[in-house]
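Visitor: Sequence first, then the predicted structure, then my questions.
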Amino acid sequence: MSGVADERVGVRGRMAGGAGVALPGTEIDHILRRRTHMTTANKKNSFTRRGFRFRVEFAEYFGMGLYQTSDVRPDTEYTGDPNRPGPQRRDLVTGLLQWKVGVMDPGEENPRRASYEIVLLSDTEPVPTTQEIAPNVRPIELTGITVEPRLAGDGQFKYVSKAVRASGYAPGQSASGRGTGSASGSKSAS
């Protein structure tokens with residue numbers, strides 16, 4: 001903003017003989033007032049990209065599948081007292097209750113970031129629709145997925161992270177990951 005103010009003083013100074021004051025009614029004064037008004041108006045109605053959520057399809061984003069590694073639990077506010085949990089959080093955009101679930105993403109290239117939490121948005125507790133294939137491990141498919149990029153890390157070791165949210169679980173599948181329909185995986189003879 002100081003660059004705009006400096007430019008304004010410099011132009012007005014040249015136009016008014018170096019006094020730094022615009023002559024009333026001059027064309028340059030009108031242009032500068034309009035530019036200042038537009039800048040102020042744009043700040044009030046400007047679109048912010050902070051917190052923007054990208055909608056993605058499950059098959060595109062989780063090409064190698066996704067495995068749930070923990071039970072669904074409420075996402076509660078931190079109170080500092082482990083004996084008294086805080087109220088359950090609500091999503092600021094949708095107003096729905098937030099639930100957390102731990103997942104393992106086999107498609108993540110960095111093994112340190114392959115396990116993370118996904119936030120499920122629902123007024124009722126989401127229930128997984130698939131069976132466990134091992135203790136505390138089940139293949140899942142989610143619906144209504146949004147991804148929000150975030151900056152993570154400290155100092156010079158910053159990296160782009162993500163916050164993944166979903167509206168719930170997709171209808172159940174068999175443990176092999178294929179559909180439950182009778183025609184899945186079969187080809188017709190010609």
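Guide: Arrived safely. Residues are numbered from 1 along each chain as shown.
Visitor: What does the pLDDT read for G17?
Guide: At G17, the pLDDT value in this model is 46.
Visitor: cool, and N45?
Guide: Predicted confidence (pLDDT) for N45: 55.
Visitor: go on, G51?
Guide: Model confidence at G51 (pLDDT) stands at 82.
Visitor: same thing with S70?
Guide: Reading off the model, S70 has pLDDT 97.
Visitor: Not counting sequence-adjacent ones, nearest residue to it?
Guide: Distance criterion C-beta to C-beta, 6 or more residues apart in numbering; nearest residue to S70, sequence neighbours excluded, is G102 at 3.4 Å. No exception for glycine: its C-beta is placed from N, CA and C like everyone else's.
Visitor: which phi and psi does the one you found have?
Guide: phi -80, psi 140 (degrees, to the nearest 10).
Visitor: give me every residue that touches it.
Guide: Residues in contact with G102, defined by C-beta atoms under 8 Å, 6 or more residues apart in numbering, are Q68, T69, S70, S115, Y116, E117.
Visitor: now those: which count as buried?
Guide: With neighbours counted by 16 or more other C-beta atoms under 10 Å, those contain buried members at Q68.
Visitor: What are the phi and psi values at A166?
Guide: The phi/psi pair for A166 (degrees, to the nearest 10) is phi -140, psi 160.
Visitor: Per-residue pLDDT of T48, please?
Guide: If you check T48, the pLDDT there is 65.
Visitor: what about the strands in this structure?
Guide: Here the chain has its strands, by DSSP state E, at 54-56, 67-68, 73-74, 98-104, 115-121, 138-139, 142-143, 145-152, 159-166, 168-169.
Visitor: which of those sits most buried?
Guide: Stretch with highest mean neighbour count among those: strand 67-68 (a mean of 21; mean count of other C-beta atoms under 10 Å).
Visitor: Parallel or antiparallel, list what pairs with it.
Guide: strand 98-104 (antiparallel), strand 138-139 (antiparallel) (DSSP bridges).
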